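# Need the 3D shape of this:
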Amino acid sequence: MDDNKIPYIAFEAEMARHEREKLRLIKALVAAILLIFISNIGWLIFFNQFDYAIDTVTQELDSGNANYIGADGTINNGEAEGN
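Residues are numbered from 1 along each chain as shown. Purely as a prediction, here's the structure:
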């Protein structure tokens with residue numbers, strides 16, 4: 001039965017090692033969470049630099065196709081609302 005006993009100094013050394021390991025894991029977790037928030041803030045700042053605009057084009061014609069070539073080169077085909 002005496003073989004199962006652990007010396008107190010070995011137990012204290014092991015607990016000190018676990019405390020240091022736990023502290024390192026907490027620091028790593030806090031650093032990871034901070035880096036995630038900093039990354040999200042960086043992406044929000046980056047995407048808010050752009051100016052998004054919607055162009056509305058109105059064409060008046062009596063008959064035929066209402067074709068419009070936009071600023072990016074795409075052709076928008078519409079129909080006349082007249083008879």
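
# Quick check: Leu44 vs Ile38, distance?
11 Å (CB to CB, to the nearest Å). For the C-beta atoms, the positions are set from N, CA and C on the backbone; glycine is no exception.

# got it, and Glu14?
36 Å.

# for this structure, what are the low-confidence residue spans?
1-2, 57, 59-66, 68, 70-71, 73-83 (pLDDT under 70).

# Helices of that one, residue ranges please.
Taking DSSP state H as the test, the helices found in the chain are 8-47.

# export stretch 36-45 as PDB, just CAs?
C-alpha atoms of stretch 36-45 as PDB (Å, rounded to 0.1, in the frame of the first residue of the first chain):
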ATOM      1  CA  ILE A  36     -10.400  37.700 -34.600                       C
ATOM      2  CA  PHE A  37     -12.000  41.100 -33.600                       C
ATOM      3  CA  ILE A  38      -9.100  43.000 -35.100                       C
ATOM      4  CA  SER A  39      -9.400  41.100 -38.300                       C
ATOM      5  CA  ASN A  40     -13.200  41.800 -38.500                       C
ATOM      6  CA  ILE A  41     -12.600  45.500 -37.800                       C
ATOM      7  CA  GLY A  42     -10.000  45.500 -40.600                       C
ATOM      8  CA  TRP A  43     -12.300  44.000 -43.100                       C
ATOM      9  CA  LEU A  44     -15.100  46.400 -42.200                       C
ATOM     10  CA  ILE A  45     -12.800  49.300 -42.700                       C
END
